[in-house]
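got a predicted model here, sequence first, then my questions.
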Amino acid sequence: MIAIYFFLITLFIRPQDWQGSLVYGWPVNDFIVIAGLFIAFANASKNKRQDITPVGWFLFAFICFGFITNIVNGNFDAGTQQFVNLFKRFCVFVMFVFIVDSPKKIKKVLFFSVLLCSILGVQSIHQSITGVGWARQALHTNSNMMHQTSLMDFHKYGGRSFWIGLWDGPNVLCFPFLFCIPFCLENIFRKKNKSLQKMTYTVIFALLSYGICLTKSRGGFIAFMCIVAMFFIVRFKARKALIICLLVLPIIYNSVPERMKVLNSEEKSAHERTWTWEQAFYMAKSNPIFGIGKGQFRVQTEYFSHSNYVENLSEMGFPGLLIYLSLLYWPLKNLFKIFNRYRNKLNDEFLLMSRVLFLTIVGFAVATTFVLMELDILYILCALSASFVLSAKNHIKNFNFNISFNDWGMLVALTIFITIGIWLIAIKEII
């Protein structure tokens, strides 16, 4: 697990991107993954567990099809670059799925991630107060924030916190916080936990939630609300869950900065999103099978698409979007099946981890509707889910986690539904 812990440090804290650190500018992630792969293969051989599950093959298909889309569009160099970049992340998936090979280890990974992301929460508060982060990064701000001296000024004038490396923007910084929210919620409401444990997780939950507020990411806020609502739905009976949601969600909504409540396309940055989605829709329409080539949207428009679904549709056509959706559909389907259908056959630890992973992927799926994030977190979530499903298979007789004909029909329907949604929002401007 040492390789996993070091990788998580480089993923969240980013010492390799921190000017002045001993490893600044070094490809430490690559070194860790290479070492981790040796450990992973040794572990897989020892435990005779070498199945990467359907989601692993979907990831590999995603990588290969991304390469093909660029070849078809006559861009071999871009195809090669995308293949190398995505294959590195596939190696991260392999490292995690073979090393983190039990629910107990998954819990350790999530707990360590909570500690690291709590550090990012403290960093965000420091940045919001002083205007400068620990890595000397200034706030995303306007002229009114030049003389900010307090958190009240921060909320009044609209500065937004961010970190460095993968988290070098306010919208992407919400992902580390969202990644840890479900684990905290489950431990707050877990009956077996002692009062001190519940209080500790409550404080951490508040810190992470406030971290999301400091980013002022609307996509992050919507994902946060969905995680909280879905948590109560899967954790309690329907009537109780409905009552709690009706009480809690309005309080959360009224507690966040005003920017996070503006969800119509007339607002400036939201209007930019609908424009980029419009461009993406016409790109997909011009080549519905192969798109414009993986990684080419920003090259051709000089803008981010602000959505994983929109970007994959434009760059890889309908097949690319379908493959991407399978990366989310497979774990969500199997995790839901585990905690919903087999709750009487599994212990409390299994049920807790199945709900945590399910809610984490739900948050990621919702957030990436509005924020572009196709990097390591996606591959780690797929790996943790695959590892957990393999562990559950050993405890559930005749548990089938393969993709059926009906599942493919559902994926096709989802692809069509999302495409129509993009058309309604970007072309018809219904919002």
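Okay, I see it.

tell me where the stretch 101-250 of the chain has helices.
In the stretch 101-250 of the chain, the helices defined using DSSP state H, counting those that start in this stretch lie at 103-130, 151-157, 170-189, 195-215, 218-235, 238-253.

run through the neighbouring helices and strands of the third one.
Counting contacts by 3 or more Cβ pairs under 8 Å, 6 or more residues apart in numbering; DSSP states H and E, helix 170-189 is packed against helix 103-130, helix 195-215, helix 218-235, helix 348-367. Bear in mind the C-beta positions are built from the backbone N, C-alpha and C, glycine included.

so which of those helices gets nearest N43?
Closest approach to N43 among the helices and strands packed on helix 170-189 (Cβ to Cβ): helix 103-130, 10.4 Å.

other SSEs contacting that closest one?
Counting contacts by 3+ Cβ pairs under 8 Å, 6+ apart, helix 103-130 packs against helix 2-12, helix 151-157, helix 170-189, helix 195-215, helix 348-367, helix 376-393.

if we can go back for a sec, for Y24, find the nearest of the helices of the stretch 101-250 of the chain.
When the helices of the stretch 101-250 of the chain are compared by Cβ to Cβ, helix 103-130 sits nearest Y24, at 17.2 Å.

now that closest one: mean pLDDT?
Taken as a whole, helix 103-130 carries a mean pLDDT of 92.

that helix to helix 348-367, inter-axis angle?
40 degrees (axes from the mean of the first three to the mean of the last three Cα atoms, to 10 degrees).

how far does helix 103-130 sit from its chain's centre?
Counting by Cα atoms, centre = their mean, to the nearest Å, helix 103-130 is centred 15 Å from the centre of its parent chain.

what comes up buried for that helix?
Buried residues in helix 103-130, counted by 16 or more other Cβ atoms under 10 Å: 103, 105-107, 109-110, 112-114, 116-118, 120-121, 123-125, 127-128.

residue ranges with poor pLDDT in the stretch 301-431 of the chain?
Residues of the stretch 301-431 of the chain meeting the criterion pLDDT under 70: 343-347, 431.

so which elements touch the longest helix anywhere in the chain?
The longest helix of the chain (DSSP state H) is helix 308-341. Judged by 3+ Cβ pairs under 8 Å, 6+ apart, the packing partners of helix 308-341 are helix 53-72, helix 268-286, helix 297-301, helix 348-367, helix 376-393, helix 405-422.

quick one: it to chain centroid distance?
In this view, helix 308-341 has its centroid 13 Å away from the chain centroid, taken as Cα atoms, centre = their mean.

and it with helix 405-422, angle?
Going by the same axes, to 10 degrees, helix 308-341 is angled at 140 degrees with respect to helix 405-422.

helix 308-341 to helix 268-286, inter-axis angle?
Relative orientation of helix 308-341 versus helix 268-286 (the same axes, to 10 degrees): 90 degrees.

just want the angle from helix 308-341 to helix 218-235.
Between helix 308-341 and helix 218-235, the angle comes out at 10 degrees (the same axes, to 10 degrees).

buried set for helix 308-341?
Neighbour-count burial for helix 308-341, counted by 16+ other Cβ under 10 Å, picks out 308-335, 337-339.

between that helix and helix 376-393, how many degrees?
Here helix 308-341 points in a direction 20 degrees away from that of helix 376-393 (the same axes, to 10 degrees).

one step back: take the helices and strands packed on helix 170-189 and write them to JSON lines, including distance to K88.
Formatted as JSON lines, the helices and strands packed on helix 170-189 follow (distance: least, Cβ to Cβ, whole Å):
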{"stretch": "helix 103-130", "distance to K88": "19"}
{"stretch": "helix 195-215", "distance to K88": "27"}
{"stretch": "helix 218-235", "distance to K88": "26"}
{"stretch": "helix 348-367", "distance to K88": "20"}
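
any idea which of those gets closest to L37?
Proximity to L37 (Cβ to Cβ) singles out helix 103-130 among the helices and strands packed on helix 170-189, at 16.9 Å.

pLDDT wise, what is C64 at?
You'll see C64 listed with a pLDDT of 93.

show me what contacts it?
Neighbouring residues of C64 by Cβ atoms under 8 Å, 6 or more residues apart in numbering: F83.

who's in contact with the helix or strand encompassing A40?
Element membership for A40, per DSSP states H and E: helix 28-47. Under the contact criterion Cβ under 8 Å, 6+ apart, helix 28-47 has outside partners 3-4, 6-7, 10-11, 15-16, 50, 88, 91-92, 94-95, 97-99, 101.

state the distance from the closest residue to I430 other than its chain neighbours to L37.
Leaving aside its sequence neighbours, I430 sits nearest to L424 (Cβ to Cβ, 6 or more residues apart in numbering; 4.9 Å). Distance of L424 to L37, computed by Cβ to Cβ, to the nearest Å: 44 Å.

more neighbours, those two?
In this view L424 and L37 are compared by other Cβ atoms under 10 Å, and L37 has more residues nearby, 17 against 12.

please name the nearest non-neighbouring residue to P15.
The shortest distance from P15 to any residue other than its chain neighbours is 4.7 Å, reached at S21 (Cβ to Cβ, 6+ apart).

pretty sure the one you found sits in a helix.
No. Per DSSP: H, G, I helix; E, B strand; the rest coil, S21 lies outside any helix segment and is coil.

check contacts around the residue lying closest to L208 once chain neighbours are set aside.
In space, L208 comes closest to F177 once its chain neighbours are excluded; the distance is 4.5 Å by Cβ to Cβ, 6+ apart. Taking Cβ under 8 Å, 6+ apart, we find F177 in contact with 117, 120-121, 208-209, 211-212, 215, 220.

which of the residues you listed lies closest to F162?
Nearest member of the contacts of F177 to F162, counting by Cβ to Cβ, is T215, at 7.0 Å.

that older thread, how near is the residue nearest to I430 to K285?
For L424, the distance to K285 equals 15 Å [Cβ to Cβ].

and G219, by the same measure?
Taking Cβ to Cβ as the measure, G219 falls 25 Å from K285.

and for E315?
Distance from E315 to K285, counting by Cβ to Cβ: 13 Å.

could you do L332 as well?
For L332, the distance to K285 equals 29 Å [Cβ to Cβ].

what separates the nearest residue to M410 once chain neighbours are set aside from N312, distance-wise?
Excluding the flanking residues, the one nearest M410 by Cβ to Cβ, 6+ apart is Y329, at 7.1 Å. According to Cβ to Cβ, Y329 stands 14 Å off from N312.
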